[in-house]
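Chemist: Fold the stuff below for me.
(2 chains)
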Number of protein chains: 2
Amino acid sequence: MSDTLIISIDAMGGDNAPAAIIEGVSRVAKSDPSVFFFLYGDEAKIEPLTKQYGLAPDRYKIHHTTQIVKADDKPSAAIRNGRESSMWKAIMSVRNGYAGAVVSAGNTGALMAMSKICLGTLAGIDRPAIAAVLPTVEAPVVALDLGANAECNSQNLVEFSIMGHVLYHVLFGEAKPSIGLLNIGSEETKGREEIREAAGVLKGFGDKINFYGFVEGNDICLGRTHVVVSDGFSGNVALKSIEGTAKFAAKCFKQAFKGSILGKIALLFASFGLLKLKRKIDPRRYNGAMFVGLNGISVKSHGGADAFSFACAVENAIRMARNNLCDKIKDELSNIMEEAEEIIAEEK
Amino acid sequence: MSDTLIISIDAMGGDNAPAAIIEGVSRVAKSDPSVFFFLYGDEAKIEPLTKQYGLAPDRYKIHHTTQIVKADDKPSAAIRNGRESSMWKAIMSVRNGYAGAVVSAGNTGALMAMSKICLGTLAGIDRPAIAAVLPTVEAPVVALDLGANAECNSQNLVEFSIMGHVLYHVLFGEAKPSIGLLNIGSEETKGREEIREAAGVLKGFGDKINFYGFVEGNDICLGRTHVVVSDGFSGNVALKSIEGTAKFAAKCFKQAFKGSILGKIALLFASFGLLKLKRKIDPRRYNGAMFVGLNGISVKSHGGADAFSFACAVENAIRMARNNLCDKIKDELSNIMEEAEEIIAEEK
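Modeler: Residues are numbered from 1 along each chain as shown, chains lettered A, B, ... in the order given. Okay, here's the model as predicted:
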């Protein structure tokens, strides 16, 4: 812990960049003295913000570039034309071994595609996935894929399951995390062909993988399984539906209390409990999704993140880098993939 | 309103059948004197329940059958072997014109398949969809498909959009309800091919259809558009994620209050506001999904519905039947489908 960790920041990505990005970085810098930041982006914009938010000069270096990957750029175009962009250069610093992780709030598709090209995928993995930790009633849940792959085949779903297994083990120490495949019914006859196929393969793993079976949208938040696996489209829909409902519920509760004087008094009485609750389920705290299956740590912050939320994503990246998450995943994965390949081959 | 409306009930479908079904029917019978119920199922089980829950003998007729479609029956098998089932017979009573609507809490896939065969699809509709009304911060939202079609092409999505438009108009009087296509990003380049194709066709309708564009999971609960259209897999995942999160939020709030004496006092003070809120967003009130695109009203209750919830689904069915929803949809649909077919043909 005495060594300095370098984290690369795409300072120009996201709806509130670069202001919220620099403010977020500054927050982390103040609480964690052993991190140094590479800030990629327009120096003329970034430099005044470091002063405004109190990011000390000995805590960062700006790598100047004015090219930006826009929110609506196609990933293919971003890769072709974006080699001078803040996003590309930030990722390359991880590839070159200068930085331990990269964090960006920019275009998800472009970040994924660039990370894949620059960092490379792990042996045995066809497609990397976006994974995130969600709060639930019970233990936290790791969900993947959350949007990297709009369409998936059964092989992809099996790989995501294995990556989810390894990720949960590494993050939370659970030896045999339970794995659920997201479906639209728990019966074996339900859902899409590729999901039923993947279930067949996962059952073949026996006790190597704790395969629970199918789970449904309502099981995610209730923490039915430690890991929830889906294609990137369904996973993204689920994640965002959960976010939207949480906001809706908070709004409804506020209205219920503010509608009467009694309610307002009640709010005062309950403020301590509510603050604790807010702290626990604030979606901003869970910001920072990881691209799993890559040879390096690339973290995606929510595009609309504010400074607090971006800081959480950076802290997530620091934790992953400090825990050598990538190497651990690589090791565990290579063990299990050998067996997996045999099982998949037998199924065919 | 002086005429009697007959509603057919599959008394044997759902996790809590037949007790919760008969108790729910009894509730509706007490509050609405102009409805008569056909109850399909095992007379030996149903008859004692009618007495237990106070359903008067002049308010129902039991159509005895002991065959039941089970929750894990494949739809194809249910159709082949289930012609004596309570579900099939209840649906047939609508087809034969004896009843105005059928309500079942049984196997969704079987109910859909049987309804399609017995009632037939409306002209111009390739695949019927499951639609439901969801509570939001603003106006209610109609969402479809919620699980009838796990995979859809662009043509299906366009048809669902048109049906959603008509359904919202008929249910809520809104002349030009806004239509959103569920996707994983609001940018035009995002998501699956069939969704982008459907968006192209819907734009071609000009001001015939108020096409908003893409919406994401979080937009559903926030009421971004009046209608949200998706394939049945994503729609089902979204619906259940919303349900699960609502339950999770309620549990968290309860914990926040019950953790301290101050919190308990606050709960007392707020109880009136909370009751109002519970009434407003209680998911049981929104029970009763409709199969749109069929020549008759077939309503699916949640499989786990309790008596209160099942009663809500029955009331929904009564409202649809009394409003001649099916004829209105048929009329509006045939108008708009003529134009739609021209536009779709031009696109090709």
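Chemist: how about the helices of the stretch 51-200 of chain A, start to end?
Modeler: A:75-81, A:86-95, A:108-119, A:154-172, A:193-203 (DSSP state H, counting those that start in this stretch).
Chemist: As JSON lines, these with distance to B:I265 would be great.
Modeler: The C-beta positions use only the backbone N, C-alpha and C, and glycine is treated the same way. Converted to JSON lines, those look like this (distance: least, C-beta to C-beta, whole Å):
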{"stretch": "helix A:75-81", "distance to B:I265": "54"}
{"stretch": "helix A:86-95", "distance to B:I265": "51"}
{"stretch": "helix A:108-119", "distance to B:I265": "46"}
{"stretch": "helix A:154-172", "distance to B:I265": "37"}
{"stretch": "helix A:193-203", "distance to B:I265": "49"}
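Chemist: Please tabulate those helices in JSON lines, including the columns mean neighbour count and distance to chain B.
Modeler: JSON lines is the format used below for the helices of the stretch 51-200 of chain A (neighbours: other C-beta atoms under 10 Å in any protein chain shown; distance: least, C-beta to the nearest C-beta, whole Å):
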{"stretch": "helix A:75-81", "mean neighbour count": "15", "distance to chain B": "9"}
{"stretch": "helix A:86-95", "mean neighbour count": "25", "distance to chain B": "16"}
{"stretch": "helix A:108-119", "mean neighbour count": "24", "distance to chain B": "7"}
{"stretch": "helix A:154-172", "mean neighbour count": "24", "distance to chain B": "13"}
{"stretch": "helix A:193-203", "mean neighbour count": "18", "distance to chain B": "9"}
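Chemist: Backbone dihedrals for A:G296, both of them.
Modeler: phi 160, psi 160 (degrees, to the nearest 10).
Chemist: go on, A:I184?
Modeler: Dihedral angles (degrees, to the nearest 10) for A:I184: phi -110, psi 30.
Chemist: Let me see the contact set for it.
Modeler: A:K190, A:G191, A:E216, B:G147, B:A150, B:G232, B:F233, B:N236, B:V237, B:K240 (C-beta atoms under 8 Å, 6 or more residues apart in numbering or on different chains).
Chemist: now do 6 Å
Modeler: Residues near A:I184 by C-beta atoms under 6 Å, 6 or more residues apart in numbering or on different chains: A:K190, A:G191, B:G147, B:F233, B:N236.
Chemist: hmm, back to that, output the helices of the stretch 51-200 of chain A as a markdown table; include the columns mean pLDDT and distance to A:I7.
Modeler: As requested, those are exported to a markdown table (pLDDT from 0 to 100; distance: least, C-beta to C-beta, whole Å):
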| stretch | mean pLDDT | distance to A:I7 |
| --- | --- | --- |
| helix A:75-81 | 94 | 22 |
| helix A:86-95 | 98 | 9 |
| helix A:108-119 | 94 | 15 |
| helix A:154-172 | 90 | 18 |
| helix A:193-203 | 93 | 35 |
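Chemist: returning to what we had before: of the contacts of A:I184, select the buried ones using a PyMOL command.
Modeler: In PyMOL, a selection of the buried entries from these looks like this (16 or more other C-beta atoms under 10 Å in any protein chain shown):
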select buried, (chain A and resi 190+191) or (chain B and resi 147+233+236)
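Chemist: Contact residues of the stretch 1-150 of chain A facing chain B?
Modeler: By C-beta under 6 Å from any C-beta of the partner chain, the residues of the stretch 1-150 of chain A that approach chain B are A:D72, A:K74, A:V137, A:G147, A:A150.
Chemist: If any of these are buried, give me the ChimeraX selection for them.
Modeler: Typed into ChimeraX, the line below selects the buried ones among the residues of the stretch 1-150 of chain A next to chain B, using 16+ other C-beta under 10 Å:
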select /A:74,147,150
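Chemist: Select, out of the helices of the stretch 51-200 of chain A, the one closest to A:R27.
Modeler: Evaluated over the helices of the stretch 51-200 of chain A, closeness to A:R27 peaks at helix A:86-95, with 18.9 Å, by C-beta to C-beta.
Chemist: Quick one: list the elements packing against that closest one.
Modeler: strand A:5-10, strand A:35-41, strand A:101-104, helix A:108-119 (3 or more C-beta pairs under 6 Å, 6 or more residues apart in numbering or on different chains; DSSP states H and E).
Chemist: what comes into contact with that helix?
Modeler: With C-beta under 6 Å, 6+ apart, helix A:86-95 has contacts from A:8, A:10, A:12, A:38, A:40-41, A:65, A:69, A:82, A:99, A:102, A:104, A:106, A:114-115, A:118-119, A:296.
Chemist: Retrieve the pLDDT associated with the nearest residue to A:G147 once chain neighbours are set aside.
Modeler: Closest residue to A:G147 apart from its sequence neighbours, by C-beta to C-beta, 6 or more residues apart in numbering or on different chains: A:N236 at 4.0 Å. In this prediction, A:N236 carries a pLDDT score of 93.
Chemist: contacting residues for A:N236?
Modeler: So A:N236 contacts A:L146, A:G147, B:I184 (C-beta under 6 Å, 6+ apart).
Chemist: need the longest helix for chain A.
Modeler: helix A:232-258 (DSSP state H).
Chemist: ok and that helix relative to helix A:193-203, angle-wise?
Modeler: Calculated by axes from the mean of the first three to the mean of the last three C-alpha atoms, to 10 degrees, helix A:232-258 forms an angle of 100 degrees with helix A:193-203.
Chemist: what is the orientation angle of helix A:232-258 with helix A:108-119?
Modeler: 130 degrees.
Chemist: roughly how far apart are the residue nearest to the spatial centre of chain A and A:D72?
Modeler: The centre of chain A sits closest to A:A289, judged by C-alpha atoms, centre = their mean, with a distance of 0.8 Å. Using C-beta to C-beta, to the nearest Å, A:A289 is found at 20 Å from A:D72.
Chemist: re earlier: so the residue nearest to the centre of chain A is in contact with A:K300, correct?
Modeler: Yes: A:A289 is in contact with A:K300 according to C-beta atoms under 6 Å; the separation is 4.7 Å.
Chemist: re earlier: can I get the contacts of A:I184 in JSON lines with distance to B:C312?
Modeler: Compiled in JSON lines, the contacts of A:I184 are given as follows (distance: C-beta to C-beta, whole Å):
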{"residue": "A:K190", "distance to B:C312": "25"}
{"residue": "A:G191", "distance to B:C312": "27"}
{"residue": "B:G147", "distance to B:C312": "19"}
{"residue": "B:F233", "distance to B:C312": "26"}
{"residue": "B:N236", "distance to B:C312": "20"}
